[in-house]
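Q: Just need the structure, nothing else, for what follows:
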Amino acid sequence: MAATNSHTALRATAGCATALALALAFAAPANAAYEPGTIYGSLGATGAAGEVPNAEGIGVDPISGRVALPDYGNDRVSVFAPGGVFLFAFGKDVVPGGGTGPEVCTTVCKAGVEGSGPGELDDPEDAEFSPSGNEIFVADGQRRIAVFGADGTFRRAFGADVIPGGGTGPEVCVATCKEGIYDGKGGSFSQPWPITFGPDGLVYVGDTGANRISVHDPDGTWLRVFARDVVTGGGTGFEVCSVAADCKAGDSSANTGSVWAPEGLDFDRTGRLFVTSYNGSMVVLFDSAPLAALGAFGKGVVSGPGGGFEVCTDPCQDGTSGSAAGELSLPQGLATSGNGLIYVSDSSNNRVAVYRSDLSFAFAFGDDVVPGGGTGFERCTDDCKAGLGLGPSGFSSPYGAATDCRGTVYINMGGGDTLPARAFGEEGGEPGPCRLEAKRTKLDKRKGTAKLTATVPYASELTLTGKGIKRAKGQHSGLEGGEKLAIKPKRKLAKKLRRKGKAKVRVTVRMSPTDGNVTQTAKAKLKLRRR
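A: Got it, this is the predicted structure:
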């Protein structure tokens, strides 16, 4: 999950108090221990509630902290509460004794059935919550992206030729749907896998089969693809294709801007897009405004005779599999966090590799990753090796990665005897929702004014507005504590207060983060009083 820009309005009503709840990014300490935490799902093979034996992608709701795990073997998506409690699953025929179409199961579930109709899934690979938390975008193995509500009910799907009897170009289906096609043109998917939202609010999908990134409006409208050599008859460098008929699969050769089987992607708070090149054993970087190839990092990525861990700009070449500090081997999932760290599921090395915002290697964690160390969960820095992938804290070819607003990282643990997914965070800590909270309003009945204290988890500019009241502004450093915003009536409302002694007002608090994180608004009602 990326920290992305979105705009969400929530309502709260009280007398002289307001309770505003918004999910915002919070920077975890850079020296966090990243100890194994909450477990999500079990490896049972019967399809019972909470069993997720075939999880690859992972998504975290930025508002509530819920976790979504797509299960490609059971053709369904399971959703869990922040503490790991199973909530529901959705797919075709997931309710025992139920119907034959899309369903949502809660306490009793069974494995889903492959299907191509609206709300039906076939080998789902990834799931990502929208920035508002109101929708879940699922990478469906039927060459399309399926979109569901926060409760698991189907809303739409998009891809090429997904409407029965429709055309062959980009389409969005609602009432009737079918499997999409791949013809290399824009809007078609070969093998959609990782999904993320950009700072522009758009949906970015990594197509592992077409070696390119596809960009869509949240409603499913196709906009463009980009990677190396994606324009038919174009050049051989980094390109952006926005005319569907002119697009083709990207070039997987070892050159700047190429993404060879992208299996993980996420934006950082500065707007850079990080993409794992699975077959290239490296992470590729792009700028988002405007779209441009920036380089890559991994083992031997600088053009020419390779060395160890390197960062390249232009020219670049495919990386080489390696297990030393900073080196990667078949990387899959990727997630960035508000504290500037980049997490990569280093699948063949059975560990998670972590990099700083300046692209330098920070550390890696997993079972037995320190040369000459023990056999349990460890963290390595200057000297690292491949992990063992054993036990409940060990990774066995980890897949997806996601972060929440507190800096907790969520990893699909991989196959074998490991768990489906687990959260890793500060020692002794548990993941949870991150909230902006407005504490009790302090009234000044003599003046007919009030002060609203807003607690903000990170650096933001705050603006309070409302009909009949003066605009108020404040700045929050991101440290602990709150910011007081004044509620002062304008002349007309002040006269009403003097005449009646009380007046209802509606206020809106807008938070504009100074580091590019989520921008949101909240609305509330309260009463001003005057003696």
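Q: C-alpha only now, for contacts and for neighbours.
A: Noted.
Q: Run through the strands of the stretch 151-300 of the chain in chain order.
A: Under the criterion DSSP state E, counting those that start in this stretch, strands of the stretch 151-300 of the chain are mapped to 154-160, 170-173, 192-197, 203-207, 212-216, 222-228, 238-241, 262-267, 272-277, 282-288, 291-299.
Q: pLDDT averaged over the second one - what is it?
A: Per-residue pLDDT values across strand 170-173 average out to 97.
Q: So for that strand, what gets flagged as buried?
A: Residues 170-173 are the ones in strand 170-173 that count as buried (16 or more other C-alpha atoms under 10 Å).
Q: Output the contacting helices and strands for that strand.
A: strand 154-160 (3 or more C-alpha pairs under 8 Å, 6 or more residues apart in numbering; DSSP states H and E).
Q: Do you have the helices of this structure handy? List them.
A: Along the chain, counting by DSSP state H, helices occupy 491-500.
Q: Below-threshold pLDDT in it: ranges please.
A: The model of the chain has pLDDT under 70 over residues 1-33, 254, 306, 406, 415-418, 426-440, 455-459, 477-482, 513-520.
Q: Kindly report the domain assignment for it.
A: Here the chain is described, according to automatic domain parsing, as comprising the domains 28-425, 437-529.
Q: quick one, which of those is packed in tightest?
A: The densest packing among these, expressed as mean neighbour count by mean count of other C-alpha atoms under 10 Å, is seen in domain 28-425 with a mean of 23.
Q: Pull the distance from that domain to the chain's centre.
A: Chain-centre distance of domain 28-425: 9 Å, with C-alpha atoms, centre = their mean, to the nearest Å.
Q: same check, this time on stretch 498-514
A: For stretch 498-514, the distance between its averaged C-alpha position and the chain's averaged C-alpha position is 33 Å (C-alpha atoms, centre = their mean).
Q: which outside residues touch that stretch?
A: Stretch 498-514 has contacts (C-alpha atoms under 8 Å, 6 or more residues apart in numbering) with 458-468, 493, 496-497, 518-531.
Q: Out of the residues you listed, which sit inside strands?
A: When the contacts of stretch 498-514 are checked against strands (DSSP state E), the matches are 460-465, 520-529.
Q: Verify the stated contact: Pro218 with Tyr204.
A: No - using C-alpha atoms under 8 Å, Pro218 makes no contact with Tyr204, being 9.6 Å away.
Q: Endpoint to endpoint, stretch 195-212 covers what distance?
A: With C-alpha to C-alpha, to the nearest Å as the measure, the first residue of stretch 195-212 is 13 Å from its last.
Q: wait, I meant stretch 154-171
A: Between the opening and closing residues of stretch 154-171 there is a gap of 16 Å (C-alpha to C-alpha).
Q: Make residue 1 into 504 and carry on from there
A: All right, first residue 504 from here; so that's stretch 657-674.
Q: Would you state the strands of the stretch 904-1034 of the chain in chain order?
A: Under DSSP E, counting those that start in this stretch, the stretch 904-1034 of the chain gives strands at 904-906, 912-915, 924-928, 940-941, 945-947, 952-958, 963-968, 975-979, 985-990, 1005-1016, 1023-1032.
Q: contacts for the fifth one?
A: Same thing as strand 945-947. 519, 952-955, 1031-1033.
Q: What pairs with that strand, parallel or antiparallel?
A: Strand pairing for strand 945-947, using DSSP bridges, gives strand 952-958 (antiparallel).
Q: Tell me the gap between the strand it pairs with and the middle of its chain.
A: Distance, centroid of strand 952-958 to centroid of chain: 32 Å (C-alpha atoms, centre = their mean).
Q: quick one: that strand to strand 985-990, angle?
A: Interaxial angle of strand 952-958 relative to strand 985-990 (axes from the mean of the first three to the mean of the last three C-alpha atoms, to 10 degrees): 150 degrees.
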